[in-house]
Structures are given as C-alpha cells and as structure tokens.
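Novice: heads up, no residue letters with this:
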Ligand code: AAL
C-alpha cells in the first residue's frame, strides 16, 4: 500500500481501506467538515444545584439580541425514588414533577433564569404530573413549545409514557396557552414507536414543519429495534402530523439534536445505539449517513441554530449550545440501567458550521483517548467492590 492515498480508489483494498473512500468524507478528521471537538463551559444560574434539577434544554433562539432557552426544571424536596415508591410529591425519576422554565442571556455564558413558561397542569387534569423536555419552533411570528406531557402518577406498568403536547405564545416570554391533547400519536402496537414518542424537536424544512422525535416500542415487544429517531411532518404547528413510512431515520441516539446543513439535515447522535457518538448527514433530510465519529458529545444538546426555521435550502450549521450532565449511579436492581438523580446545564462550543474549519476544534488528538482521572473514575465507571471480589482470583 502506498503511503499516500490516491484520488481514485485502487483495486484490491481491504474493507477498512475501502471505507476511507466509500464512507468517510475525508480520511483526515482535520479536513472533515463534519468532525469537531466539543469544549465545555460552566454557565451561571442554570449550573449545578443540589436543590434543583435542570435538564433537556431546547434549541436556543435569539430575539432582539437576547438568547432564550427552555428546559425541564424539578425542585422537589426529595430526589427520584423510583416508580415503585413515588407519590404525589415524591418524584419517580429525574424528570418527574417538573415544569418547563426558561432563561435568557446576552452572551450565551451568563444566563438568568426567568421563571416558569409552561407549568404542569393542576392535579386531576390532562398533563398534571410533569411537563418536560421542551423544544421551540418559531413559525409565522408565533412561538410554539413542544414538550412531553405526563398525566397521572408514574408506575412500572406505564413506564415513561407521555404525550407530545404543545403550547403557543405571541412572544418568547409568554404567556403560553397549552393544547388539551396529544400532538403526535403513539405508533400502532407493532410499530417501532408504539411505546414512546419522546424528545420532540421541530425544524422547518422543504416548506413544512419536521418534528423529529425519539420512539421506542412497547417494552414487552423484545423483537423490535430498541430506540430510534423518526419524523412527523405537518403544514401547520398544531398538525396534523404525518409519519412517513420510511421511519425510523436514525437507528441510534438519545435526545438527538439536528440542524439544517447545506441542502440537507445533520444530526448529532449520543448515548444509545451502535451509531452513538457520530455526526450524520442526510442530503434529503431522510437518508442519513455517518460522516464523523466524535468524542464526548453534548448530551441532550440544544444548539443555537439561527436558521432552524428559515428553510433557506443552505443550512449554515451550529457552533454552540447548551446540554446537560445527568448525575448518574448504577441501578442496583438492574445492571443494564443507570439512575439519573439530578441534572444541570452546561455550554458546549464546537465547529459544525459551513466553511469555517476552525483548527481550534479540529485537532483529534487533544480529545480522543485523552481522558483524565476524573473521567475514568466517575461514578458509573468505577469497578464496584462486589464485582472486584468476583473477579479476584
Ligand atoms: C430524556 C428524554 C426524555 C425521557 C426522559 C425525559 O433522556 O429522552 O425526556 O422521557 O429522559
């Protein structure tokens, strides 16, 4: 094999070398427009707080020079106690008994929490348990929040079941009017999204509202794909939303963030599935391919995406946003699961913008494989004493 790759794909290459021609946009991360490092900063007002959990930030929008973000906020006296032990005031999970709040900033680092945007409904009404995981759409000068609406106490039978709801307002400060019913229906019994429609994420694309979401089958249906992302498309913010037959569009990811890029849509996948920690691109918004593999991507990222709703046909990309850190411990009753106990928001910076190719975010060696002590010994990565005993000879 020659030291330098020829422009034309030679014959007789191994599978790995063929992939450099067939799969990856550029063999060198530094010259791959989809590759980026992520750099993180702590932010004011929305950061680590033992009494308050904040998670799942929306995309960020700028209105008259002010940035706005919406997020799930829980301020209960106790932390999550699990689905068996929860009550009217004891949360089952980190996002239980939560409301949607919002914050503003002039510079994206210094944030001021402003107060509640959409509160969970009064006890006994639709959406009385929790209002979570919001995302924003600006459409014809009105503001629309899509979010998860939970009715009634959590239980193991119901699991993480909720509706996708919507609220609308004339200004980003509200007041918000809530819809009284679900906006995107669960899939039929045998469908990939029969058990959950989570993480609603609207973009305007090809003249319509594309509401991306994470679906999962009913938990008893073990044969199905575990978690995937699809889209539901509508002409108007309130729907009706139609799910294209080609769904799901992504086979991995959790709280995936997406953005218009060139004529297509790009997505950052994290946490779940074989294609986690990748950046993918679909020139037609539907058929995604892996473009880059990344390290330590933002979890539940909400990017500042100035052209999320402009449908320009030439998306410019994103360079910063907010994401969350969920403090997690292993679930003692189920080794495959973690318990998220409290979360907080941080800022990420990156270079996923067209044409910039900022070398500060492009050196793969400053992150890949260079984890520090705190990372290796974080709560869910330490070998626990009972396992150590089992493994000792
Ligand atoms: C998050 C999201 C959804 C889930 C829960 C709150 O990771 O995927 O919002 O329901 O956790």
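Specialist: Right, received. Where do you want to start? From a predicted model like this one, the values you see are computed outputs, not experimental measurements. Numbering: from 1, shown residues only.
Novice: any idea which helix or strand carries residue 21?
Specialist: helix 15-22 (DSSP states H and E).
Novice: So what's the gap between that helix and the chain middle?
Specialist: Offset of helix 15-22 from its chain centre (CA atoms, centre = their mean, to the nearest Å): 30 Å.
Novice: Run through who's touching the following helix or strand past it.
Specialist: Next helix or strand after helix 15-22 toward the C-terminus (DSSP H and E): strand 39-42. By CB atoms under 8 Å, 6 or more residues apart in numbering, the surrounding residues in contact with strand 39-42 are 48, 109, 298, 346-350, 361. Where you see a C-beta, it was placed from the backbone N, CA and C, and this is true even at glycine.
Novice: what's whichever residue of the stretch 101-250 of the chain sits closest to the ligand in contact with, if anything?
Specialist: Closest residue of the stretch 101-250 of the chain to the ligand, CB to the nearest ligand atom: residue 133 (3.7 Å). Contacts for residue 133 were tallied using CB under 8 Å, 6+ apart; they are 56, 72, 95, 147-148, 198-200, 255.
Novice: Residue 139 now?
Specialist: Residue 139 sits next to 204, 209, 237, 309 when contact means CB under 8 Å, 6+ apart.
Novice: which residues does it form a beta bridge with?
Specialist: In this entry, residue 139 is beta-bridged to residue 142, by DSSP bridges.
Novice: and what of residue 197?
Specialist: Note on residue 197: beta-bridge partners by DSSP bridges are residue 215.
Novice: wait, it sits on residue 211?
Specialist: No - using CB atoms under 8 Å, residue 197 is not in contact with residue 211, being 9.5 Å away.
Novice: Between those two, which contacts overlap?
Specialist: Here residue 197 and residue 211 share the contacting residues 164, 184, scored by CB under 8 Å, 6+ apart.
Novice: need the residues of the stretch 151-300 of the chain near the ligand, please.
Specialist: 160, 198-199, 214, 254-255 (CB under 6 Å from any ligand atom).
Novice: So residue 234 sits against residue 208, correct?
Specialist: Yes - counting by CB under 8 Å, residue 208 is a contact partner of residue 234 at 6.5 Å.
Novice: If you count surrounding residues, which of those two has more?
Specialist: The neighbour count for residue 234 versus residue 208, taken as other CB atoms under 10 Å, is higher for residue 234 (17 against 14).
Novice: show me the residues around the more buried one that make contact.
Specialist: 208-209, 211, 240-242.
Novice: pLDDT weak spots in the chain?
Specialist: 1-3, 220-225, 335-336, 367-369 (pLDDT under 70).
Novice: Tell me which residue is most central in it.
Specialist: Computing the C-alpha centroid of the chain and ranking residues by CA atoms, centre = their mean puts residue 255 first, at 2.2 Å.
Novice: three-state assignment of that residue?
Specialist: Following DSSP: H, G, I helix; E, B strand; the rest coil, the label given to residue 255 is coil.
Novice: Can you tell me the closest non-neighbouring residue to it?
Specialist: residue 300 (3.7 Å; CB to CB, 6 or more residues apart in numbering).
Novice: who's in contact with that neighbour?
Specialist: 55-57, 254-255, 323-324 are the contacts of residue 300 under CB under 8 Å, 6+ apart.
Novice: mind running it again at 7 Å?
Specialist: By CB atoms under 7 Å, 6 or more residues apart in numbering, residue 300 lies in contact with 55-57, 255, 323-324.
Novice: Phi, psi for it please.
Specialist: phi 60, psi 40 (degrees, to the nearest 10).
Novice: go on, residue 128?
Specialist: Main-chain torsions, residue 128, degrees, to the nearest 10: phi -80, psi -10.
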